[in-house]
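Visitor: how would this look folded up:
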Amino acid sequence: MFLNQQERTKMKKVISPILFSILFLFIWNGFRISASPNKEISREEILAKINDEPITMGRFFDHLKKLRITFTDPEDQKTKEDQLHKFIREIVIDQKAALLDMDSDSVFVKKRDNHLREFLYNHMYQRDIVEKIGVTDQEVRDHYELTKEIDLLIPEEVQVRDLLLRVWVDSTEKDYRKRLKEAEKEAEKKIEEFYKRALAGEDFADLCREYSQAGVPARTANLGFIQKGNNSPEFDSAAFSLKEIGEISRPVRDHEGYHLIQLLDRKEKSYYELDSILFEGIREFLKREKIREATRNFTDSLKEVTRFVYNHEFLDAEEFSFDKDMWVLIFGEEDTIRFGEYEAVLGVYKYNQGKDSLTAEDKKDLLTNYLALPIILEKEAKKRGYADLVEYQAEKRAFTLEEAKGRLLAQRMKKDFPPPTMEEIEAYYKAHKIDFPPLGVPVHVYHIIFDDSLQAVEVLDQIKEGTDFVEMAKRNFPGEPEIKDVAYDLGFITQGEMPDEFYQSALKLKEGEVGGPVKTKWGFHLIQVVEKKEKGNTFADIIPKIERTIKLNKRREHIADWEKSLFDEADVWINEEFLEKLKLPKPEG
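Guide: Numbering: from 1, shown residues only. A predicted model of the protein is given here:
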């Protein structure tokens, strides 16, 4: 069975030995798990045939496992049939797609050639560069020693307590400069006093708690551990020159004010330990660097032995509008890059390089490395025999099939459907009225129902004279007493919820107004409007949604008919005996 596009993309990536081992164990366990529910049936037994192509038990279970499909009832016959039919549908589409003549389509051929070119040189890159590069343990240790002072250094840190007196005067005040000098002297005098008190044995934390203006917790003024560069140079110089735990610096002046700094703890500079995680991280880094250098040397060596002839008329032109078939580069023995190919990638190149216009050297770079180099790499890969590998032929078939399937499935979507008629729209609405919002302006109504119109008129006269409508509704309710206290209130009604003559009469009344009697199939009604919304839904409002739904349903029917025709044309045989015995995989856990 062919790989899909996503699976092929994954296969292009580098698979490490560890990942490969995990993947192998996963696949092997999947084999045992998929086989285990059906010990009496071999994986090689044929479950179905589609145009003589067999579906074995193992292939069907692998398909289910790939889709991560499990079932709570492993013996449910309908579920088994549904999943098998879905799988058969995929195979029928694959078979139909394989019959399309893709080679006659020049657009596809170009796309396939570009894809296979990339596949070839990626395969060559993996085998001839990546897989041949290794990093020894000694190289890892040497790199660690070489770079630890730069990349792996944990700088010296000190934990300090800071008593800060700020020097601040409002610059808008009169005699600002004079007052600033006075504040400076006052702060200097105080900090010297605190320094003497600290040296005399007074608790420095208490001094900080009472006098420090530092923006740190007022209880202790503890700045925690700091590194050089986190504070002013003057502060760092004093803090990192303290030697003994508990030692207090002389007063220090910086842009914040005057400081007294006490050393609480110190951590000498150190380095990140070369543990297993860092060791493997360095190994991976060195491998990437080696791969990058080897790749550059490899491509440079190929370019060195390739003859490049550039069209200087094109290179020297500042403004150009050339024929698409004009050659701009000839390289190797017979390969040619034409202006149309250059123009197709020009916008992307400019964007990547961040340039609005290109110099002659820029044009050479684009032609050589973006357009010619992939072809050179492809030829080298073919020269080394990579086009003869089974993987290459499988990739070619898989890519062709995937593109063919895409075109085949696109064909079923090409059918145009005329807009539905009003007759279709109205019929759909009547059949699916519950799926749409009610039509008309919502009106909140109370009502009283009578069998006799004369009695209704008599009660209406009493209401007009001032009798409460709700009281009369309860008094004249003809039904069960248990619901008379609520039956009069119909809530908000819209078109179709009550007979049309009832709804239209309610619409004509103002809020609080009473009307009637109105005759319906149930009797004679008095109506009181409690509240009326300003507007409601009209049929015209929901027509667009109905049109979209009808068109979508027609397209679904068309797709179903298209798929049914594929089945009708195919020769499908199912081993009903095995299908009945088949046990589907249960959810894990």
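Visitor: Now do the strands in the stretch 51-200 of the chain.
Guide: Applying DSSP state E, counting those that start in this stretch to the stretch 51-200 of the chain gives strands spanning 53-56, 153-154, 157-166.
Visitor: Check the stretch 351-500 of the chain too.
Guide: Under DSSP E, counting those that start in this stretch, the stretch 351-500 of the chain gives strands at 439-450, 489-495.
Visitor: hey, which of the ones you listed is tucked in deepest?
Guide: Mean neighbour count (mean count of other Cβ atoms under 10 Å) peaks for strand 439-450 among the strands of the stretch 351-500 of the chain, with a mean of 21. All C-beta atoms are positioned from the backbone trio N, CA, C, and that covers glycine.
Visitor: follow-up on the earlier one: would you convert the strands of the stretch 51-200 of the chain into a markdown table that also reports mean neighbour count, mean pLDDT and distance to Lys132?
Guide: Shown next, in a markdown table, are the strands of the stretch 51-200 of the chain (neighbours: other Cβ atoms under 10 Å; pLDDT from 0 to 100; distance: least, Cβ to Cβ, whole Å):
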| stretch | mean neighbour count | mean pLDDT | distance to Lys132 |
| --- | --- | --- | --- |
| strand 53-56 | 16 | 91 | 39 |
| strand 153-154 | 13 | 90 | 34 |
| strand 157-166 | 22 | 94 | 45 |
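Visitor: Which of those strands sits closest to Pro499?
Guide: Relative to Pro499, the nearest member of the strands of the stretch 51-200 of the chain by Cβ to Cβ is strand 53-56, separated by 60.5 Å.
Visitor: where does the stretch 201-350 of the chain dip in pLDDT?
Guide: Flagging of the stretch 201-350 of the chain using pLDDT under 70 yields the residue ranges 215-220.
Visitor: Recalculate using a threshold of 80.
Guide: Scanning the stretch 201-350 of the chain for pLDDT under 80 picks out 214-220, 318-321.
Visitor: again with the chain
Guide: For the chain, the ranges with pLDDT under 80 are 1-42, 67-77, 79-80, 173, 214-220, 318-321, 413-414, 479-485, 578-589.
Visitor: picking up where we left off before, looking at the strands of the stretch 351-500 of the chain, which is nearest to Arg556?
Guide: Of the strands of the stretch 351-500 of the chain, nearest to Arg556 by Cβ to Cβ is strand 439-450, at 26.9 Å.
Visitor: Point out the other helices and strands that the closest one packs with.
Guide: Identification of packing neighbours for strand 439-450 by 3 or more Cβ pairs under 8 Å, 6 or more residues apart in numbering; DSSP states H and E yields helix 453-464, helix 469-475, strand 489-495, helix 500-508, strand 523-532.
Visitor: In the fourth one, which residues are buried?
Guide: Looking back up the chat, that one is helix 500-508. Phe502, Tyr503, Ser505, Ala506 (16 or more other Cβ atoms under 10 Å).
Visitor: next one: the first one
Guide: Buried positions in helix 453-464, judged by neighbour count with 16+ other Cβ under 10 Å: Ala456, Val459, Leu460, Ile463.
Visitor: can you tell me how far the third one sits from Val530?
Guide: Okay, so that is Leu460. 17 Å (Cβ to Cβ, to the nearest Å).
Visitor: gap between the two ends of stretch 517-530?
Guide: 17 Å (Cα to Cα, to the nearest Å).
Visitor: just how off-centre is that stretch within its chain?
Guide: Distance, stretch centre to chain centre, for stretch 517-530: 58 Å (Cα atoms, centre = their mean, to the nearest Å).
Visitor: same check, this time on stretch 277-288
Guide: 30 Å.
Visitor: Next secondary structure element downstream of the longest helix seen in the chain?
Guide: The residue-count maximum for a helix in the chain (DSSP state H) belongs to helix 539-569. Counting by DSSP states H and E, the next helix or strand C-terminal to helix 539-569 is strand 572-574.
Visitor: ok now do Asn537, which residues does it touch?
Guide: Pro437, Pro438, Leu439, Gly440, Thr494 (Cβ atoms under 8 Å, 6 or more residues apart in numbering).
Visitor: what's the most distant pair in those residues?
Guide: Pro437 and Gly440, at 10.2 Å, using Cβ to Cβ across the contacts of Asn537.
Visitor: do you know how far the residue nearest to Gly257 when sequence neighbours are not counted is from Asp206?
Guide: In this structure, Gly257 finds its nearest non-sequential neighbour in Arg166, 4.0 Å apart by Cβ to Cβ, 6 or more residues apart in numbering. Distance, Arg166 to Asp206, using Cβ to Cβ: 20 Å.
Visitor: Ile330 too?
Guide: 87 Å.
Visitor: which of those two has more neighbours?
Guide: Neighbour totals were compared for Ile330 and Asp206, and Ile330 leads with 16 against 12 (other Cβ atoms under 10 Å).
Visitor: you'd agree the more buried one is up against Val309?
Guide: Yes: using Cβ atoms under 8 Å, Ile330 is in contact with Val309, at 4.4 Å.
Visitor: could I get the strands of the stretch 351-500 of the chain as CSV with distance to Arg384?
Guide: Compiled in CSV, the strands of the stretch 351-500 of the chain are given as follows (distance: least, Cβ to Cβ, whole Å):
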stretch, distance to Arg384
strand 439-450, 74
strand 489-495, 77
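Visitor: between the ones you listed, which one is nearest to Val514?
Guide: strand 439-450 (8.8 Å).
Visitor: who touches both of Ile330 and Val309?
Guide: With Cβ under 8 Å, 6+ apart, Ile330 and Val309 have no common neighbours.
Visitor: mind listing what Leu315 touches?
Guide: Listed by Cβ under 8 Å, 6+ apart, the contact set of Leu315 reads Ala360, Lys363, Lys364.
Visitor: Count the neighbours of the last one for me.
Guide: Neighbour count for Lys364, taken as other Cβ under 10 Å: 15.
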